[in-house]
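Visitor: okay, here's the prediction I keep looking at, along with the sequence it came from:
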Amino acid sequence: MAAYFRFILRHRWLVLGLMALLTAASGLVMTRGIFASSMGRMFLGEHPRYQRYIERAAVFGNNEAALVAFEDPDPFSPKSRRRLRKATTAVLAIPSVRSVRSVLDVQEIVASGEDLVVRTYAETADFLPGGAEGALERLRADRFAKGLLVSEDGRYNAVIVELEAEADMPAEDAPRLISEILDAFEGAGYERSGLHVVGSPANIGAIISQTRFNIKRLFPIVALVLVLAVWVMFRRLWPVAVTMTVSLVAVIWTMGFAVLLDRHISVLISMIPAVILIISFSDVIHLCSAYLLELGQGLPKDEAILVSGSEVGAACMLTSVTTLIGFVSLSLIPTPVFRQLGLVLGFGVAMALLIAVTLVPIFFSLIRQPKPWRTGTTGRVQDLLDSFLSWASGLSNRRPWTVVFFFVLVLAVSVIGLMRLKIETDFAKRLPEDHAVRVDGRYYNDRFAGANVLDVFLETNEPGGLLDPKLLSRIAAFQDAVQQMPEVSQATSLVDMIKTLHAAFSSGEPDADPLPSSREALAQYLLLFEMSGGEDLERLVDFQRRTMRMSVQMKDEGVRHTWNTGVKIQEQAREILGDQVEAEVTGLICLMGEWLDKIISGQRRGLLFAVLSITVIMSLGLRSLRVGLWSMIPNITPLLVLGGVLGLCWDQVDSDNLALAMIAVGIGVDDTIHFLMRLRIESGRHRDVQAAVDRTFHFSGRGIVITSVILVLGFFPFALSEYLTLHIMGTLLPMTLIVALAADLFLVPALVRLGFIRY
């Protein structure tokens, strides 16, 4: 490291010019980034089942829709009909909207002699006895409307806004889309406060709003908090200027690389600038602290730069490698957004270190030699820090077994919590209880059958296969079995249409079977329906009568729960339908549930890879396999505590918490490295173990505490985000870092005092 510092100091102007050019180029590339990503693209990528889902949706329609619910106990009154028609017409004119369905579009099927009459319930209200009230009563009994477009008591209506089925439809369009839908209803005369929007577009819209929050507000808040923290710790401007300059350069390089990989910036990628800023501050603070301490030992300025850089720079390099491993391990999660997140964060950590060890020594050489650290208010801060470090060192020396026993007790409780972990993902529940999305979701679920819909496609072996009466009878039995599942609130399909048609022509035969008994009758019913003006048959069955769609409304919106229900439905299909029909359960939420198990497996593999790799790096860096292995105890402790807190405090843990553990292990190990590498140096200078530990606390303990405070304060603004994944970055991650700091300041010295860690 000393040779590298001498080289850059000798060519400092050339190095500064090169760094400026690279920063300008990165900034230019960064301007090409756009907020554009789709949920499918982020989580499912090129997964074959997702591509199949898009193909199915293009033919049968898309079940990922926005549903607008509102109160209207008299939907067929002239005023209500005019208002609703005006709203739905305006919504249909919005780009990317494929279709709009409301109570005005639901068709009633009746027989008139030998003819079939297909008309809307709104038309029924105009000329049949009972008028609007009678039409509403009949609508409430309609299988395709109740629980979906009209509530069971008839007081509430819903409008289904179906979107175009496009794999790369930007998720960033969701907030605009929801706003335009609400504007259309408001323009038609609806009170905005009485409109409740649910469905994937509403959830995605809320997530995208958080993306914009991250870029526009969270990053400046984090920067301000870091600047204030550095000022309080050092009480001088040059550390603030150095850390901010170096960190901003690292952020620009990192985001330039991110845009080169993919110019679409998603909600997770948008948090990278703040994370890199925090990590860069940590590296620079260690270098500044060591530089001031060496000056305090009486070393000349140039020698202090070289000595502090050589000793702390080596530790920073090792910490950056371990942090890089923790971040890159995210790439083992088989999801495009996590692969990109891992690669970009890994690149950012490497660049943050390179920029820090390059620019910081140059800045030190260009500024005047600082005044002694212990003057004025800065001295008082350092005195308090000295007192704390002295107490921590003394406690670990006097009562090492007590310290070890305390941590063993904490770990035992944490293991109990770990055993209670139940992992699930519900995108709506990533938002707070009082968020509009959650409030609207409860409103809809209390009045309707549920906004989470999965599709079951049943495909026969040959064209016209669905016209086999025996097969259709088995499909009806299968649908009844699905309907009886406790996870399902309602299931509808072509079977309901056929039953309605058959009942219309069999009204005088009370003992008639619910389904026709001949292939000819089935074909004739469907032909009569279309010839009589019936619409939307293509949403239920394809033209060849080979494939049909069953829509299943779920009571729960958890993606894992949805997939598990889908697996049960497929098992029911195999049992009831046999080999004659191939059943495929699909839907965006359902597919994410299938992929979630693979994501969790990838997270576990990534976490194991990170722990094992860091163990190897620690052993090599500390030049001792024994010390490397023992050093992982304080590094694993924060992860176990994190898992214990989640298991004990949360009934259901979001899958993104596992990704948080991978980030935590990469960052939390840094303090252990700084402590043990300094301990190795001091152990070579002092034969007395306690003297070596005391000197380690003096030189590295200060930097460890300061950087931990910087990290905790830096991540804390993430708690301002309403989105769970980012919120836990500001709550659970700081908690994990505090546990890591406690383990390094108390458990590590205790293990040294007891002889478990020794050089």
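Guide: Structure's in. What do you need?

Visitor: now do residue 92 against residue 281, distance only.
Guide: Residue 92 sits 51 Å away from residue 281, going by C-beta to C-beta, to the nearest Å. To be clear about C-beta, it is placed using only N, CA and C from the backbone, and glycine gets the same treatment.

Visitor: which other residues reach stretch 503-522?
Guide: 109-111, 116, 464, 466-469, 472-473, 476, 495, 498-499, 502, 525 (C-beta atoms under 8 Å, 6 or more residues apart in numbering).

Visitor: one more time with 6 Å
Guide: For stretch 503-522, contacts defined as C-beta atoms under 6 Å, 6 or more residues apart in numbering pick out 109, 110, 111, 467, 469, 472, 473, 499, 502.

Visitor: do the same with stretch 728-736
Guide: Residues outside stretch 728-736 that contact it (C-beta under 6 Å, 6+ apart): 638, 642, 660, 664, 712, 715, 716, 718, 719.

Visitor: quick revisit: quick check: the farthest pair among the contacts of stretch 503-522?
Guide: Spatially, the most separated pair among the contacts of stretch 503-522 is 110 and 473, at 24.2 Å (C-beta to C-beta).

Visitor: if we can go back for a sec, of the contacts of stretch 728-736, buried ones?
Guide: 638, 642, 660, 664, 712, 715, 716, 718 (16 or more other C-beta atoms under 10 Å).

Visitor: just send the residues you listed back as JSON lines, with secondary structure, pLDDT and distance to residue 585 too.
Guide: Shown next, in JSON lines, are those (DSSP: H, G, I helix; E, B strand; the rest coil; pLDDT from 0 to 100; distance: C-beta to C-beta, whole Å):
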{"residue": "638", "secondary structure": "helix", "pLDDT": "87", "distance to residue 585": "40"}
{"residue": "642", "secondary structure": "helix", "pLDDT": "87", "distance to residue 585": "34"}
{"residue": "660", "secondary structure": "helix", "pLDDT": "73", "distance to residue 585": "31"}
{"residue": "664", "secondary structure": "helix", "pLDDT": "73", "distance to residue 585": "36"}
{"residue": "712", "secondary structure": "helix", "pLDDT": "88", "distance to residue 585": "45"}
{"residue": "715", "secondary structure": "helix", "pLDDT": "85", "distance to residue 585": "40"}
{"residue": "716", "secondary structure": "helix", "pLDDT": "87", "distance to residue 585": "43"}
{"residue": "718", "secondary structure": "helix", "pLDDT": "82", "distance to residue 585": "36"}
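
Visitor: closest to residue 58 out of the residues you listed?
Guide: For the buried ones among the contacts of stretch 728-736, the closest approach to residue 58 (C-beta to C-beta) belongs to residue 660, at 37.0 Å.

Visitor: from residue 742, how far out is residue 289?
Guide: As defined by C-beta to C-beta, residue 289 lies at a distance of 20 Å from residue 742.

Visitor: quick check, residue 108 in a strand?
Guide: Yes. The assignment for residue 108 is a strand, going by DSSP: H, G, I helix; E, B strand; the rest coil.

Visitor: contact partners for it?
Guide: Residue 108 sits next to 119, 121, 124 when contact means C-beta under 6 Å, 6+ apart.

Visitor: any idea which of the residues you listed has the most stuff around it?
Guide: For these, the largest number of neighbours (other C-beta atoms under 10 Å) sits with residue 121, at 26 neighbours.

Visitor: now that one: how far from residue 69?
Guide: In terms of C-beta to C-beta, residue 121 sits 18 Å off from residue 69.

Visitor: same check, this time on residue 624
Guide: On the measure of C-beta to C-beta, residue 624 and residue 69 end up 65 Å apart.

Visitor: looking at the two, which is more packed in?
Guide: Taking other C-beta under 10 Å, residue 624 and residue 69 do not tie; residue 69 has more neighbours (23 against 18).

Visitor: isn't the more buried one up against residue 158?
Guide: Yes. Using C-beta atoms under 6 Å, residue 69 is in contact with residue 158, at 4.5 Å.

Visitor: and residue 289 and residue 742? which has more neighbours close in?
Guide: Shown here are residue 289 and residue 742; by other C-beta under 10 Å, residue 289 has more neighbours (24 against 20).

Visitor: what's the closest non-adjacent residue to the more buried one?
Guide: Sequence neighbours aside, residue 703 is the residue nearest to residue 289 in space, at 4.3 Å (criterion: C-beta to C-beta, 6 or more residues apart in numbering).

Visitor: and that neighbour, which of the three is it?
Guide: helix.

Visitor: and if you look at residue 463?
Guide: When classified by three-state DSSP, residue 463 comes out as coil.

Visitor: hey, which helix or strand in this protein has the poorest pLDDT?
Guide: helix 39-43 (a mean of 59; mean pLDDT, DSSP states H and E).

Visitor: ok, residue 441 - how many residues close by?
Guide: 25.

Visitor: distance check, it against residue 67.
Guide: Counting by C-beta to C-beta, the gap from residue 441 to residue 67 is 10 Å.

Visitor: any shared contact partners between those two?
Guide: Common neighbours of residue 441 and residue 67 (C-beta under 6 Å, 6+ apart) are residue 198.

Visitor: hmm, who's touching stretch 182-199?
Guide: If you take C-beta under 6 Å, 6+ apart as the criterion, stretch 182-199 is touched by 65-70, 83, 86-87, 90-91, 178, 440-441, 443-444, 451.

Visitor: same check on stretch 345-359?
Guide: 8, 246, 249-250, 253-254, 257, 276, 279-280, 283-284, 313, 320, 323-324, 327-328.

Visitor: repeat that for 7 Å
Guide: 8, 15, 19, 246, 249-250, 253-254, 257, 272, 275-276, 279-280, 283-284, 287, 309, 313, 316-317, 320, 323-324, 327-328, 330 (C-beta atoms under 7 Å, 6 or more residues apart in numbering).

Visitor: check stretch 703-723 too.
Guide: Residues contacting stretch 703-723 (C-beta under 7 Å, 6+ apart): 207, 210, 213, 218, 221-222, 225-226, 229, 233, 278, 281-282, 285-286, 289-290, 385, 430-432, 435, 667, 671, 674-675, 726-727, 729-731, 733-734, 737-738, 741, 744.
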